[in-house]
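Could you look at this predicted model? Sequence included:
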Amino acid sequence: MTATTGDRPTAHEPQEAYDGPATLVVDGTEHSITVTLRGAFQPLDGRFHWYGRIAASDELDAVRSGSPVTLRTAHGEAAGKVTDLDPWGRLRVGGTGRPPF
């Protein structure tokens, strides 16, 4: 995303954390969700790795581990994958490259 500082456009730089509303797209269906995301640059592979949890929602019961997803926030979107479900009903999601926050 691009923001404006005075007369000069600036690009949104990846942050290390995001907590808040998002949209999860699974098989073409959009779901309004709340996420807690973190990320960091990994020097071993030279890529930014982002990951986090999606708040529990009955609407996401059909989403399975390994499902490819697109995650959108007000700052951007990124392709990722759902990797597991924790005991509290929260899905873990993650990806590499430019994060959605």
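Structure's in. What do you need? Numbering: from 1, shown residues only.

For the rest of this, base every contact and every neighbour count on C-alpha atoms.
Fine.

Quick one: list the elements packing against the top strand by length along the chain.
Counting residues, the longest strand in the chain under DSSP state E turns out to be strand 29-42. Other helices and strands packing on strand 29-42, by 3 or more Cα pairs under 8 Å, 6 or more residues apart in numbering; DSSP states H and E, are strand 17-26, strand 47-54.

what residue ranges in the protein are flagged as low confidence?
The model of the chain has pLDDT under 70 over residues 1-15.

And for stretch 73-86, what's in contact with it?
For stretch 73-86, contacts defined as Cα atoms under 8 Å, 6 or more residues apart in numbering pick out 1, 12, 21-23, 63-72, 91-96, 98-101.

Repeat the analysis, applying 7 Å as the threshold.
For stretch 73-86, the surrounding residues in contact (Cα atoms under 7 Å, 6 or more residues apart in numbering) are 1, 21-23, 65-72, 91-95, 98-101.

Need the helices and strands packed on strand 29-42 in TSV (columns: distance to T83).
Putting those into TSV (distance: least, Cα to Cα, whole Å) gives the following:
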stretch	distance to T83
strand 17-26	13
strand 47-54	10
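
sorry, back to before: what are the buried residues along the longest strand of the chain?
Neighbour counts over strand 29-42 (16 or more other Cα atoms under 10 Å) mark I33, T34, V35, T36, L37, R38, G39, A40 as buried.

same deal with stretch 19-32?
Under the neighbour-count criterion of 16+ other Cα under 10 Å, stretch 19-32 has P21, A22, T23, L24, V25, V26 buried.

looking at it, the fifth one is touching H31, isn't it?
Same thing as V25. Yes. Counting by Cα atoms under 7 Å, V25 does reach H31; the two are 6.3 Å apart.

Tell me the bridge partners for the nearest residue to P68 once chain neighbours are set aside.
Spatial nearest neighbour of P68, chain neighbours left out: K81 (4.5 Å); criterion: Cα to Cα, 6 or more residues apart in numbering. K81 has the following beta-bridge partners by DSSP bridges: P68, G94.
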